[in-house]
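Trainee: Provided below are the primary sequence and the corresponding predicted coordinates.
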Amino acid sequence: MISAAALLRAAVPLFLAMVTGLAGSLVVTSALGRHDTVTLAAFAVMTAVLNPASTAVAGALRGLGPFVARYRDDPAAAVPVLRDARWLSLLVGALGAAAVLCVPLLAGAAGVPSEVVRALGPLPWFLAAYLMVYAATGGAGTVLVALGRGREVLWASLANTVVLVALTFALVPSYGLTGVGVAWLLGGVAAAAVSALTLRRALGRPIGRGRPRPVWIARLARVSLPLAATVLIKFGVLGVVTFAAGTTSARDAAAHAVLNALSGVIMLASLAVAQAAVPEVARASDAAGARRVNGTAALLAVAGTGAGSLGLLVAGDLLLPLFSDDPAVRGRVLALLPLMLLAAALDAAQAVHGMGLTALRKSGVSLLFFAAGYGALVVAAVPVARTWGLTGLWAAVAVANLVLFVLQGAGFRRHCARWRGEGAAGGA
């Protein structure tokens, strides 16, 4: 059975890959902010759709993990599964690309100023192509993690970030958002190339081509598509929460934006641990082993969140000026920081249980729990914000995460009791 130290070693490269990806996005935002306010506004409109679309594609690809984990001792035997996964990932990627291409129409219909819509230019086409390139990898990163080669995921992320940052600095001053589109696409191509090389080395053979097997693709879809839907629900509900924060005051809306950004950074550690634990839960030989891995992952995730929280509490006065020059906003953030950190810790723990359900191939159950817990939050967000302000809103987020933690944990224990090991569900 995997130890806490081994699980931590598997999670660290995933965490670093997430950090490098975040760094690349921050560089793009910074470069556009210095280039022109309109282009930065247009990029913000684009990312409102690109982020959930790309995260949904990533979520769908993560569903491949429990199917591949059983082949760790014979990686080449996983090739038929990977061929099926590629068909599914291309389908999900095409849906995400279609959503990205619709951004100019959606922005115009939503009342976004015409100059901002015009500034998008060909950017949607470049980003749609990027999503298809990402989908074409067929979840290479997830496969490498499932095969116990998570360190190699970092190299693809580094390749993407290096190309993205270099081309951003080279192209944005002259070409604006078009330069960002080129940089984003070529960064994705570089990452895909590195992923393909590392995956071929891990498998010992090329994946090649194969005819789609509808029955097996459907089995993958029953795990992958609920994961993608869960991501979309979370993004959608948190968008409503942000809107609710905007109904309070300009100061509180700004404070919410800072708290949201800090919460996202803190969650990286727990997401890395949760992803690293999926193949280990899937490979467990019995229910007790699966519960031990999941419990260890939950403790590590909460510990990582706690370490980040402690850092924020200690260095908050030094870090917050990077986000806002307004002392009133910084004061509001500091006052709400403990509540946000509580919500983040609960979110970290529920995320591990949710990924544990994915490892048991029960991501549909997790989707139902999310629909229930976050469904209540979306109904309550605006009334709570109007009555109790930003404090009540973050309290509501914490309560929703607590409900999810209880539901996901109970669901994992219930379905884990029926677990019969890695061969329980047969092949793919």
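Mentor: All right, it came through fine.
Trainee: For the rest of this, base every contact and every neighbour count on C-alpha atoms.
Mentor: Fine.
Trainee: I'd like to know which elements the helix or strand hosting Ala297 is packed against.
Mentor: Following DSSP states H and E, one finds Ala297 within helix 287-319. Judged by 3 or more Cα pairs under 8 Å, 6 or more residues apart in numbering; DSSP states H and E, helix 287-319 is in contact with helix 4-35, helix 250-283, helix 327-359, helix 363-416.
Trainee: Where does the prediction get shaky in the stretch 1-150 of the chain?
Mentor: 1-2 (pLDDT under 70).
Trainee: tell me the helices in it, going along the chain?
Mentor: Counting by DSSP state H, counting those that start in this stretch, the stretch 1-150 of the chain has helices at residues 4-35, 37-62, 65-68, 79-101, 103-109, 114-119, 123-136, 140-146.
Trainee: Determine which of those approaches Val314 most closely.
Mentor: Nearest of the helices of the stretch 1-150 of the chain to Val314, taken as Cα to Cα: helix 4-35 at 21.2 Å.
Trainee: Can you give me the buried ones in the closest one?
Mentor: Applying a neighbour-count criterion of 16 or more other Cα atoms under 10 Å, one finds 7-8, 10-21, 24-25, 27-29, 31-32, 35 buried in helix 4-35.
Trainee: Same question for stretch 119-136.
Mentor: Using 16+ other Cα under 10 Å as the test for burial, stretch 119-136 gives 119-120, 123-136.
Trainee: Need the residue closest to the centroid of the protein.
Mentor: Nearest residue to the geometric centre of the chain (Cα atoms, centre = their mean): Thr55, 5.0 Å.
Trainee: need the helices of the stretch 1-150 of the chain in JSON lines with distance to Arg200, can you?
Mentor: Formatted as JSON lines, the helices of the stretch 1-150 of the chain follow (distance: least, Cα to Cα, whole Å):
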{"stretch": "helix 4-35", "distance to Arg200": "19"}
{"stretch": "helix 37-62", "distance to Arg200": "18"}
{"stretch": "helix 65-68", "distance to Arg200": "15"}
{"stretch": "helix 79-101", "distance to Arg200": "10"}
{"stretch": "helix 103-109", "distance to Arg200": "36"}
{"stretch": "helix 114-119", "distance to Arg200": "40"}
{"stretch": "helix 123-136", "distance to Arg200": "14"}
{"stretch": "helix 140-146", "distance to Arg200": "10"}
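Trainee: and Asp326, which of those helices is closest to it?
Mentor: That would be helix 4-35 among the helices of the stretch 1-150 of the chain, by Cα to Cα, at 18.9 Å.
Trainee: And that closest one, what does it pack against?
Mentor: Using 3+ Cα pairs under 8 Å, 6+ apart, helix 4-35 is in contact with helix 37-62, helix 153-175, helix 250-283, helix 287-319.
Trainee: what's the closest of the ones you listed to Val81?
Mentor: Comparison of the helices and strands packed on helix 4-35 against Val81 by Cα to Cα identifies helix 37-62 as nearest, at 12.4 Å.
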